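**Student:** sharing a model that was predicted from the sequence below.
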Amino acid sequence: MTEFSLKLTSMRDLLEQHKLKSLLLQRVSSFAWATCGAASYVNTASTFGTATLLVTRNHHYLITNNIEAPRYEKEEKLSYQGWQFEVDPWYAPSKTLGRLVGKGKVGADFDYPGALDLSAEVSQMRTLLTAEENVRFRVLGRLCAEAMDGAIRAIQPGQTEHQIAARLGSEVQNRGVQPIVNLIATDERIFNYRHPLPTYKTLDRYAMLVICGRRWGLIASLTRLIHFGPIPEDVRRKAEALARIDATFINAPDLAPRWARYSKEPCKPMPTQAFQMNGNFTTRAAQPRMNRVNI
């Protein structure tokens, strides 16, 4: 069974489970999952795309306008997956969706009149990666790591955080990956802010670079730190503590089902050292994630 056939079967199983006539998907994340990696956004910050997918027990439709349809067909090649294109003029209110949905119970991952909200169920299905998605995820991780390495080797003291962010964003974009999160902190800002948007502050000795790169509807997240000159003892101590935490989780063969227990009751080999940040104590362990898109 192909990746797309497997996903189409999962969507129709969802219809059967909830006794529905059809399923509507409009979120960027859902669209990417259902189409095996296609992109439906124009505004990269949008939650909802420029097309709606309609899946019934016997058909699957892609509903969009005449501006967007050619890209979906020629570049994303979605007609090869058997999506039946329903195209409306860009300037006229669409009546196609209502006509195709008709009467009967419908589920959706967005606010559609009378529809059962299935956004949580669809999100859960997206967390179960196929073999093909695992391959794409590894490629994405490698591309983001290469981009991070290129950026972090190019920065120098005296550069502003905006300049560092520009270099990181460029390295990511040059590899065909979209930087949906690009955070930079230098020196004391690393300790003061958990999510530091880049500023005009210049780098003295210490920099933190954070990137979340998106491709094929998947997201890889990386954080790297670089220090110029001798490393202060407190920075070294924190880095070593986090390295031990990372190593504990990496070496846990059954990490996924045990993560909740680990996060509440740390296992004995894992260091429990905490550090103060913004008046609160925190241990910045690397929680394993398989992100796809902002929701």
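**Tutor:** Received the coordinates, thanks. A quick note: this is a predicted structure, and the numbers were derived from the prediction, not measured.

**Student:** doesn't Ile63 fall inside a strand?
**Tutor:** Yes: according to DSSP: H, G, I helix; E, B strand; the rest coil, Ile63 belongs to a strand.

**Student:** ok, now which ones touch it?
**Tutor:** Ile63 sits next to 51-54, 86, 88, 94, 96-97, 100 when contact means Cβ atoms under 8 Å, 6 or more residues apart in numbering. Every residue, glycine included, has its C-beta placed from N, CA and C.

**Student:** the same query, at a cut-off of 7 Å, please.
**Tutor:** Residues in contact with Ile63 (Cβ atoms under 7 Å, 6 or more residues apart in numbering) are 51-52, 54, 86, 96-97.

**Student:** in ChimeraX, how would I select just the buried ones from those?
**Tutor:** Here is the ChimeraX command that selects the buried residues among these (16 or more other Cβ atoms under 10 Å):
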select :51,52,54,86,96,97
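
**Student:** so which of the contacts of Ile63 belong to strands?
**Tutor:** Using DSSP state E, the subset of the contacts of Ile63 located in strands is 51-52, 54, 86.

**Student:** what's the closest of those residues to Gln163?
**Tutor:** Comparing the ones in strands among the contacts of Ile63 against Gln163 with Cβ to Cβ places Ala51 closest, at 37.1 Å.

**Student:** with adjacent residues omitted, what lies nearest to that closest one?
**Tutor:** Distances taken as Cβ to Cβ, 6 or more residues apart in numbering place Thr64 nearest to Ala51, at 4.0 Å, with adjacent residues excluded.

**Student:** out of the contacts of Ile63, which is nearest to Arg167?
**Tutor:** Nearest member of those to Arg167, counting by Cβ to Cβ, is Ala51, at 33.9 Å.
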